[in-house]
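Peer 1: let's see this in three dimensions:
(2 chains)
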Amino acid sequence: MTPEGSLLAASDLHKTYGATPALDGAEFSVHPGEVVAVLGPSGSGKSTLLHCLAGIIRPDRGTVRYADRDLTTMSDADRSALRRTDFGFVFQFGQLVPELTCLENVALPLRLNGARRKEAERQAREWLERLEVEEVHRQRPGEVSGGQGQRVAVARALATRPRVIFADEPTGALDSLNGERVMTLLTDAARETRAAVVLVTHETRVAAYSDREITVRDGKVKDLLAGLR
Amino acid sequence: MSIGHTLLGLLESGPRHGYDLKRAFDEHFGHDRPLHYGQVYSTMSRLLKNGLVEVDGVEAGAGPERKRYAITDAGVTDVGQWLSRPEKPEPYLQSTLYTKVVLALMTGRDAAELLDTQRAEHLRLMRGLTERKRQGDLADQLICDHALFHLEADLRWLELTAARLDGLAQTVHG
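Peer 2: I've put the predicted structure just below:
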């Protein structure tokens, strides 16, 4: 059953790699505008959960419902299209395209969704401003600092105004000050646009930017608030 | 915190009335625990007795007399010595949490559950501090960061203990 009002919800997820169960009956839900931190020790299944929720991998069993659609029964092409239009991604290392300028990187998802170059670059510029890195718009990712590159990556994830943002250790490669600024900008923008955020992190100070947390242990999810809802 | 030394330090920039001292203290250091007037006056009379402050003037009004205090040379030396003396680091060896975990294991209760509940409580407090940081000035950020780093250290201990529960259970029952 999908929790009432949730935008993305997973139920009884199972995923096994070889003989190793990565997910063993995991449950999850997130509401629009809500930031949920996914905590747990290394190898507990956090990233596998995120990949299942984002439709990057298909679970062996269980359902992932996003806005009344079941991701687990959709075709690969449909899931790819959904990821492009409705989901945004931020990873530990920005994964920007090295040959493109920072502005072109942010404009890229807008272009892929059909926006004309001028309009895409206008919007991209606004997001770079919002993320306080407007000055690097002509530079390539290799020419900017780690903190700047990660802000460009966040700008790119937000540019298409996704309804869900998946962030996997988004501050893992940053120093404390940069990490905190990125978290503030990311969560402020998400709350303002009513985007849901699934935030995988092992840093509790980063998790403190969330509205609530769940803990993954041995592929099972412990949601301490679940009983109170 | 040494209230005496802090009030003395505040007097270094110039003489103040007791009421001004309280206001300055609360503004800079008393975010969660403002000083009571009684504390200010009892501290000032102790500092007076020890020659670290002197009465700089008295204003007579409708209410009680208002004394203005000034720091003495001995007071300035005392503040200097206090600032240069390192604080004793907390040994953190009398942990209630540790006791609870061991007792839970000894009595056959769910220690993992206890750790999960504690983690949620720590995170709840960290969320409040993070929100205060978002809205606060630099002083707020510094004071909240100090608390956040300590809570983070506690949480790292909780994680490590959770990973070691099986071994700890054997030791306790062994």
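Peer 1: let me see the ranges of the strands in chain A.
Peer 2: A:8-17, A:20-30, A:35-39, A:61-66, A:69-70, A:87-90, A:164-168, A:196-200, A:212-217, A:220-222 (DSSP state E).
Peer 1: avg pLDDT for the third one?
Peer 2: Strand A:35-39 comes out with an average pLDDT of 95.
Peer 1: what does chain B have sitting close to chain A?
Peer 2: Within chain B, the positions adjacent to chain A are B:116-117, B:119-120, B:122-123, B:126-127, B:129-130, B:134, B:148-149, B:151-152, B:155-156, B:159, B:162-163 by CB under 8 Å from any CB of the partner chain. Using the backbone N, CA and C atoms, a C-beta is placed for each residue, glycine as well.
Peer 1: just to revisit the earlier point, make JSON lines out of the strands of chain A and add mean neighbour count and distance to A:Val136.
Peer 2: Formatted as JSON lines, the strands of chain A follow (neighbours: other CB atoms under 10 Å in any protein chain shown; distance: least, CB to CB, whole Å):
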{"stretch": "strand A:8-17", "mean neighbour count": "19", "distance to A:Val136": "32"}
{"stretch": "strand A:20-30", "mean neighbour count": "20", "distance to A:Val136": "31"}
{"stretch": "strand A:35-39", "mean neighbour count": "24", "distance to A:Val136": "26"}
{"stretch": "strand A:61-66", "mean neighbour count": "18", "distance to A:Val136": "33"}
{"stretch": "strand A:69-70", "mean neighbour count": "12", "distance to A:Val136": "37"}
{"stretch": "strand A:87-90", "mean neighbour count": "24", "distance to A:Val136": "17"}
{"stretch": "strand A:164-168", "mean neighbour count": "24", "distance to A:Val136": "21"}
{"stretch": "strand A:196-200", "mean neighbour count": "25", "distance to A:Val136": "24"}
{"stretch": "strand A:212-217", "mean neighbour count": "22", "distance to A:Val136": "33"}
{"stretch": "strand A:220-222", "mean neighbour count": "20", "distance to A:Val136": "38"}
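Peer 1: okay, the ones you listed in JSON lines with distance to B:Tyr98 next?
Peer 2: Shown next, in JSON lines, are the strands of chain A (distance: least, CB to CB, whole Å):
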{"stretch": "strand A:8-17", "distance to B:Tyr98": "35"}
{"stretch": "strand A:20-30", "distance to B:Tyr98": "30"}
{"stretch": "strand A:35-39", "distance to B:Tyr98": "22"}
{"stretch": "strand A:61-66", "distance to B:Tyr98": "38"}
{"stretch": "strand A:69-70", "distance to B:Tyr98": "46"}
{"stretch": "strand A:87-90", "distance to B:Tyr98": "37"}
{"stretch": "strand A:164-168", "distance to B:Tyr98": "33"}
{"stretch": "strand A:196-200", "distance to B:Tyr98": "29"}
{"stretch": "strand A:212-217", "distance to B:Tyr98": "21"}
{"stretch": "strand A:220-222", "distance to B:Tyr98": "22"}
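Peer 1: among those strands, which is nearest B:Leu105?
Peer 2: B:Leu105 lies closest to strand A:212-217 among the strands of chain A, at 17.9 Å (CB to CB).
Peer 1: rewinding a little: what about the residues of chain B next to chain A, which are in strands?
Peer 2: Per DSSP E, the residues of chain B next to chain A never map to strands.
Peer 1: which stretches of chain A have low pLDDT?
Peer 2: Applying pLDDT under 70 to chain A picks out residues A:1-2, A:94, A:223-229.
Peer 1: how many residues are close by the residue in it positioned nearest to chain B?
Peer 2: Of all residues in chain A, the one sitting closest to chain B is A:Ala208 (3.8 Å; CB to the nearest CB). If you count neighbours by other CB atoms under 10 Å in any protein chain shown, A:Ala208 ends up with 25.
Peer 1: I'd assumed B:Arg132 was in contact with it.
Peer 2: No. With contact defined as CB atoms under 8 Å, A:Ala208 does not count as touching B:Arg132 (11.0 Å).
Peer 1: residues contacting the residue most central in space within chain A?
Peer 2: In chain A, the centroid-proximal residue (CA atoms, centre = their mean) is A:Phe166; its distance is 1.1 Å. Applying CB atoms under 8 Å, 6 or more residues apart in numbering or on different chains, we find A:Phe166 in contact with A:Leu50, A:Leu53, A:Ala54, A:Phe87, A:Gly88, A:Phe89, A:Val90, A:Val197, A:Val198, A:Val200.
Peer 1: ok, B:Arg46 next?
Peer 2: By CB under 8 Å, 6+ apart, B:Arg46 lies in contact with B:Gly4.
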